[in-house]
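Participant: Predicted model, plus sequence, below.
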Amino acid sequence: MSAPAVIEGIVAHGRRLGRELGFPTANLPAGADAPAEDGVYASEAEVDGVRYRAMSNLGSNPSVGGRERRLETHLFGFEGSLYGRRLRVRLLRKIRDERRFDSVEELRAQIEKDKEHILKLL
C-alpha cells in the first residue's frame, strides 16, 4: 500500500466485545469497497480535530462469529464515548492478517502482542 488507506464515518454500536477484551473499539462500517485488505493495522484516528495513535482491525471478526466487514479501531489514550461521532482512520501499516483464534483468551493475548508491536512502530 503506497499511501495510507483512509476510512471515515460515523461510529456505530458494535457487540462490545472489544470492551470485554480490555480494548474498546470504535466501529465503522466497511463494505467490500474499503480501500485496504483485511488485517490488523498500526493506524491513526482523528476525532474532533484531535489525532490519536491507534490499532485497527479491518475484517469480519472470524474468531467471534462475525459476518459483516467493519473497521474496529482502538484509540490509545482516548477516554469517553465515540458513538455517533465522525471518525477518520488512516491505516498506516499492516502488521498481520486477520485470522480465527480458538479461544477468546488466545485472541486477547494476540491483541496485547499487537498493541505492543504497534506502539513500538508509532
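Facilitator: Everything's here; your move.
Participant: Could you look up the SS state of Q110?
Facilitator: helix (DSSP: H, G, I helix; E, B strand; the rest coil).
Participant: tell me the SS of the spatially closest residue to it that is not a sequence neighbour?
Facilitator: Nearest residue to Q110, sequence neighbours excluded (Cβ to Cβ, 6 or more residues apart in numbering): F101, at 6.5 Å. Just so you know, the C-beta spots here come from the backbone N, C-alpha and C atoms, and that holds for glycine as well. Of the three states, F101 takes coil under three-state DSSP.
Participant: Next secondary structure after the one helix or strand in the chain whose mean pLDDT sits lowest?
Facilitator: One helix or strand of the chain scores below all others by mean pLDDT, DSSP states H and E: helix 17-20, with a mean of 72. With elements assigned by DSSP states H and E, the helix or strand that comes after helix 17-20 is strand 26-29.
Participant: Report the mean per-residue pLDDT for that next one.
Facilitator: Averaging the model's pLDDT scores along strand 26-29 yields 92.
Participant: Which SSE is immediately downstream of it?
Facilitator: strand 39-47.
Participant: Give me the contact list for the helix or strand just after that following strand.
Facilitator: Using DSSP H and E, the helix or strand that follows strand 39-47 in sequence is strand 50-59. Strand 50-59 is contacted by residues 7, 23, 25, 30, 34, 36-46, 66, 69-78, 89, 91, 98, 114-115, 118-119, 122 when judged by Cβ atoms under 8 Å, 6 or more residues apart in numbering.
Participant: ok, of those residues, which come out buried?
Facilitator: Among those, those classed as buried by 16 or more other Cβ atoms under 10 Å are 7, 23, 25, 30, 34, 36, 38-46, 66, 69-75, 78, 89, 91, 98, 114, 118.
Participant: tell me the pLDDT at R16?
Facilitator: For R16, pLDDT reads 68.
Participant: same check, this time on R67
Facilitator: In this prediction R67 is given a pLDDT of 71.
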